[in-house]
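Novice: Just the structure for this:
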Amino acid sequence: MPPQKDNKYKNLTILKSGETSYPESPEMAKLETFENQYSDRDYWISFECPEFTSRCPITNQPDFGKITIRYIPDKSCIESKSLKLYLFSFRNHNTFHEEVVNRILDDLVKICQPRKAVVVGEFNPRGGISIKVDAEFSTPKK
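Specialist: Next up, the predicted model:
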């Protein structure tokens, strides 16, 4: 890895690591951020995870779906590799669709404090019905 001219990325330990470690649960996952160089303007960042998996808390069967994250950063941005590993950590986690989408939103708001964020979960049908959950966050007006 080429040496950095400054230390603005010093906190990105997951991306710098030569080895990928997959967390077993969302509690064990670590979301990382980096400084937003364009905090003077609003712009959207979008992530899509088309192969999201979690488990039903009652039947323990796998649930499959797509998670879409869109946010307007303020002072920091989410680093994508840490987000990928965080989302993968749900594969053995038992949770309802409504809970997982709101938890992802809460965790993202906690780590990067965006101006606005939307998390959408589109889950594949089970038992003849699909579920779509949209959760939104906006910074309170001052």
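
Novice: For the longest helix belonging to the chain, which helices and strands make contact with it?
Specialist: Identified as the longest helix of the chain according to DSSP state H is helix 97-112. If contacts are counted by 3 or more C-beta pairs under 8 Å, 6 or more residues apart in numbering; DSSP states H and E, helix 97-112 sits against strand 62-72, strand 76-78, strand 116-126, strand 129-138. Bear in mind the C-beta positions are built from the backbone N, C-alpha and C, glycine included.

Novice: For Ser89, find the nearest of those.
Specialist: Smallest distance to Ser89 across the helices and strands packed on helix 97-112 (C-beta to C-beta): 12.4 Å, for strand 62-72.

Novice: now stretch 46-63: mean pLDDT?
Specialist: Stretch 46-63 shows a mean pLDDT of 96.

Novice: which residues touch the longest helix of the chain?
Specialist: Helix 97-112 is contacted from outside by 26, 31-33, 54, 63, 65, 67, 69, 71, 73-74, 76-78, 86-87, 90, 93, 95, 114, 117, 119-121, 123, 131, 133-137, using C-beta atoms under 8 Å, 6 or more residues apart in numbering.

Novice: Need the buried ones from those selected in PyMOL.
Specialist: Buried subset of the contacts of helix 97-112, written as a PyMOL selection, criterion 16 or more other C-beta atoms under 10 Å:
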select buried, resi 26+31+32+33+54+63+65+67+69+71+73+76+77+78+86+87+90+93+95+114+117+119+120+121+123+131+133+135+137
